[in-house]
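>>> Provide a 3D model corresponding to the input given below.
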Amino acid sequence: MKCIVVTLYRKREKMKKKSLKAVGTVLAVCLCATACGSTASTTTEDNTVNSETKEASTEQTSVVQSQETAEVSQDAKEASVDNFTVTYLDDGTVMLSRYSGTTEASIIVPGEVNGKSVTVIGADAFANHMELISVELPDSLIEIESNAFINCYDLAYVKLGNSLQKIGEDAFLFAALESVEIPESVTEIGGGAFCGSNYTTLQIPTGINVIEEGTFMSAQIVSLNIPGNVKEIKGSGFRGCAELKEVTTADGLEIIGESAFEGCDVLEKVTLASTVTEIGPYAFTKCPELTYVYIPEATTTIDEDAFWNSENVTIYTPAGSYAESFAIENNIPYVNQ
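As a prediction, the model looks like this:
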């Protein structure tokens with residue numbers, strides 16, 4: 001549109017110059033009319049008609065070119081709608097690729113743009129918008145790409161659409177989320193997605209099989225129940241959750257990765273499911289309040305530093321289990337249970 005306006009402006013300037021030139025020609029001819037007689041008058045009329053015809057032709061061309069440019073704009077891959085830049089996707093839907101607002105604290109993201117469903121929030125779309133406090137996302141949304149809301153330090157509330165399937169890496173990194181409900185439709189949450197959030201409760205969807213690295217690191221969760229659909233907690237999954245007091249896991253969990261619960265300062269009790277087979281390095285290190293950890297008979301791998309610097313821990317485990325041998329070898333108190 002900007003290009004169209006500039007083109008018309010320049011052509012109007014040319015038309016003005018031509019008009020001034022025509023007027024100068026008329027004045028010059030009039031001064032000569034007495035000497036030249038009717039022939040000069042006829043010539044002046046012809047020149048004036050020719051000038052007007054050229055101006056009309058130029059003006060008509062400007063309109064045609066404007067229409068052609070507008071058609072090209074409609075076929076373009078991107079468009080601006082209010083404070084949003086959207087990208088048209090090959091599947092007939094649109095991705096919200098950029099938000100340019102600067103003053104609104106609360107926004108509602110539209111579910112449709114020009115009759116097309118909004119299915120993706122693009123990478124970095126809302127990054128660094130520190131004015132945001134509340135965001136409502138549409139039910140049409142399927143994916144939130146990486147870093148979409150990174151560094152939105154005051155973003156306290158977000159409503160996720162009930163069709164959402166994927167949340168990308170660091171999507172809400174450092175957002176001060178006080179409340180978030182992850183819909184059951186979600187099957188993938190990228191590493192660091194909710195790192196640093198302030199919410200105190202967490203319900204993990206049944207479609208999640210892996211807690212990726214740092215996904216909930218430094219969140220303010222108080223109590224945590226890992227459902228049976230989760231097979232693995234990767235490195236630093238819940239590291240530094242300073243308010244976390246108790247962790248229970250349902251049958252299905254197999255691997256607890258490196259530093260998964262490291263630095264959980266007030267963690268007191270951990271009950272591992274009967275299916276857990278491996279506890280990685282530093283998994284429960286620097287948990288000074290940890291006094292109770294139940295380790296099942298199925299666990300056959302425990303890294304020697306799994307409980308490093310957690311000096312008050314006691315391991316509860318069946319008699320004759322690998323965990324019992326580990327406790328004896330590492331001088332950790334244990335109770336057969």
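
>>> which outside residues touch stretch 149-159?
Here stretch 149-159 makes contact (CB atoms under 8 Å, 6 or more residues apart in numbering) with 124-137, 170-181, 198. Where you see a C-beta, it was placed from the backbone N, CA and C, and this is true even at glycine.

>>> the stretch 51-200 of the chain: strands as residue ranges?
With DSSP state E, counting those that start in this stretch as the criterion, the stretch 51-200 of the chain has strands at 78-81, 84-88, 94-99, 106-108, 112-113, 116-121, 134-136, 143-144, 157-159, 166-167, 188-189.

>>> off-centre distance for the second one?
Taking the mean of its C-alpha atoms, strand 84-88 sits 14 Å from the chain's own mean (CA atoms, centre = their mean, to the nearest Å).

>>> and for the fourth one?
The chain centroid and the centroid of strand 106-108 are separated by 15 Å, computed with CA atoms, centre = their mean.

>>> quick one: Ala323 is in a helix?
Yes. Counting by DSSP: H, G, I helix; E, B strand; the rest coil, Ala323 is part of a helix.

>>> number of residues surrounding it?
Close neighbours of Ala323, defined as other CB atoms under 10 Å, add up to 25.

>>> what's the PyMOL line that selects buried ones from the contacts of stretch 149-159?
To isolate the buried members of the contacts of stretch 149-159 in PyMOL, using 16 or more other CB atoms under 10 Å:
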select buried, resi 124+125+126+127+129+131+132+134+135+137+170+171+172+173+174+175+176+177+180+198
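
>>> make CSV out of the strands of the stretch 51-200 of the chain and add mean pLDDT and distance to Gly214.
Listed next are the strands of the stretch 51-200 of the chain as CSV, based on pLDDT from 0 to 100; distance: least, CB to CB, whole Å:
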stretch, mean pLDDT, distance to Gly214
strand 78-81, 90, 33
strand 84-88, 95, 29
strand 94-99, 97, 25
strand 106-108, 96, 27
strand 112-113, 93, 33
strand 116-121, 97, 21
strand 134-136, 97, 22
strand 143-144, 98, 17
strand 157-159, 97, 19
strand 166-167, 98, 13
strand 188-189, 98, 11
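
>>> right, so those: which one is the most enclosed?
Ranked by mean neighbour count under mean count of other CB atoms under 10 Å, these are led by strand 143-144, which reaches a mean of 24.

>>> I figured Phe261 hits Lys286, correct?
No. The criterion here is CB atoms under 8 Å, and Phe261 misses it with Lys286 at 9.4 Å.

>>> relative to Asp170, how far out is the residue minimising distance to the centre of the chain?
Residue closest to the average C-alpha location in the chain (CA atoms, centre = their mean): Ala148, at 1.8 Å. Distance, Ala148 to Asp170, by CB to CB, to the nearest Å: 9 Å.

>>> now swap in Val222 and tell me
To Asp170, Val222 is 24 Å away according to CB to CB.

>>> how about Glu212?
11 Å.

>>> now do the shared contacts for the two.
Common neighbours of Glu212 and Asp170 are listed as 190-193 (criterion: CB under 8 Å, 6+ apart).

>>> among the residues you listed, which one lies nearest to Ile295?
Nearest to Ile295 out of those is Gly191 (CB to CB; 26.3 Å).

>>> give the contact list for the closest one.
169-170, 212-215, 234 are the contacts of Gly191 under CB under 8 Å, 6+ apart.

>>> those into CSV, with extra columns for pLDDT?
Shown next, in CSV, are those (pLDDT from 0 to 100):
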residue, pLDDT
Glu169, 98
Asp170, 98
Glu212, 98
Glu213, 98
Gly214, 98
Thr215, 98
Lys234, 98
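
>>> quick check: the farthest pair among those residues?
Asp170 and Lys234 (14.8 Å).

>>> before we move on, back to that, look up the pLDDT of the residue nearest to the centre of the chain for me, please.
Note for Ala148: predicted pLDDT of 98.

>>> also the one 4 residues further on?
With respect to pLDDT, Cys152 has a value of 97.

>>> what about it, neighbour count?
Neighbour count for Cys152, taken as other CB under 10 Å: 24.

>>> likewise the one 3 residues further on?
Taking other CB under 10 Å as the neighbour definition, Leu155 ends up with a count of 24.

>>> ok, it to Cys195 distance?
Relative to Cys195, Leu155 is positioned 13 Å away (CB to CB).
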